[in-house]
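J.: Quick check, what structure comes out for this input:
(one chain, ligands or ions: 1)
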Amino acid sequence: MNHMVPVVSMPSLAFTPDMATGIRAIDNDHRMLIDIANALTEEVAAGNSKEKLGAALDALIRYVEEHFRREEKMLTDCAYPQLAAHMREHQNLSRSVYEIHHLFRTHPEQVPWGQVTAFLANWLKSHILQTDMAYVECVRNFDGTKNGNSPLPIQPLTLHVTPNRADLLFRCSNLLLEDGEMARLLEEAVTQIEERQSTIG
Ligand SMILES: [Fe+2]
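T.: Model (predicted):
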């Protein structure tokens, strides 16, 4: 990717029902990754500033890393037989994203944005539909032996935030999805902030 390619208008990638693994944290991650890839595509199509493109790329790198870590831990826990091959796909994508980031930092005018956004959309779609779907049964079987409770259904939600806040929102949403002590603390903190707001207001 070392030459300029005209930016073409790309249709946004959507989280379609066939992409749902039924594993809450993973589906949430995938929705967020798709949102970030679409946000980057929109920044590119709008011809936005280097700062905005940089923030969108930074958000992409953070989510990719966080999601891959979470997914690989889950696959390790359930002793997924294809873990090594799955991790290789993750490593290849990470390497590509870091290469794009490095080119952006050193020669921003050379980033072929049209190719970058098309590559990301294609990678996400095919990785989720093929490589990720292959582990679903393994994870479900493992969860089934761990506890017999079926999880509450989650509700998809679209929020529009700036990339620097998307990271915080994403982390909060994952804490809430885990539904443990940290989720309870977060709820308490939000309630305290709201109480303080109503006192000040
Ligand atoms: Fe994956």
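
J.: Quick check: pLDDT value at Q155.
T.: With respect to pLDDT, Q155 scores 60.

J.: Would you map out the domains in this protein?
T.: Per automatic domain parsing, the structural domains of the chain span 1-147, 159-201.

J.: As CSV, the ones you listed with mean pLDDT and mean neighbour count would be great.
T.: Where C-beta positions appear, they are placed from N, C-alpha and C, glycine not excepted. Putting the domains of the chain into CSV (pLDDT from 0 to 100; neighbours: other CB atoms under 10 Å) gives the following:
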stretch, mean pLDDT, mean neighbour count
domain 1-147, 88, 16
domain 159-201, 77, 12
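
J.: quick one, what contacts the residue most central in space within the chain?
T.: The centroid of the chain falls nearest to L33 when counting by CA atoms, centre = their mean (2.8 Å). Remark: with contacts taken as CB atoms under 8 Å, 6 or more residues apart in numbering, L33 is in contact with L60, Y63, V64, H67, L124.

J.: quick one on the thing from earlier: now the domains of the chain in a markdown table, with distance to the ion?
T.: Converted to a markdown table, these look like this (distance: least, CB to the ion, whole Å):
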| stretch | distance to the ion |
| --- | --- |
| domain 1-147 | 5 |
| domain 159-201 | 16 |
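
J.: and L75, helix, strand or coil?
T.: Recorded secondary structure, L75: helix (DSSP: H, G, I helix; E, B strand; the rest coil).

J.: Tell me if I'm right that it and L83 touch.
T.: Yes - using CB atoms under 8 Å as the test, L75 is close enough to L83 to be in contact (4.9 Å).

J.: hmm, back to that, so which of the contacts of L33 sit within helices?
T.: Applying DSSP state H to the contacts of L33, the entries found in helices are L60, Y63, V64, H67, L124.

J.: of the residues you listed, closest to V116?
T.: Nearest to V116 among the ones in helices among the contacts of L33 is L60, at 10.0 Å by CB to CB.

J.: how near is the closest one to Y98?
T.: Per CB to CB, to the nearest Å, L60 is found 11 Å from Y98.

J.: Mind jotting down where the helices sit in this structure?
T.: 24-45, 50-77, 83-106, 113-126, 136-146, 163-178, 181-200.

J.: What angle do helix 24-45 and the fourth one make with each other?
T.: This points to helix 113-126. Counting by axes from the mean of the first three to the mean of the last three CA atoms, to 10 degrees, helix 113-126 points 160 degrees away from the direction of helix 24-45.

J.: tell me how far helix 113-126 is from the chain's mean position?
T.: 14 Å (CA atoms, centre = their mean, to the nearest Å).
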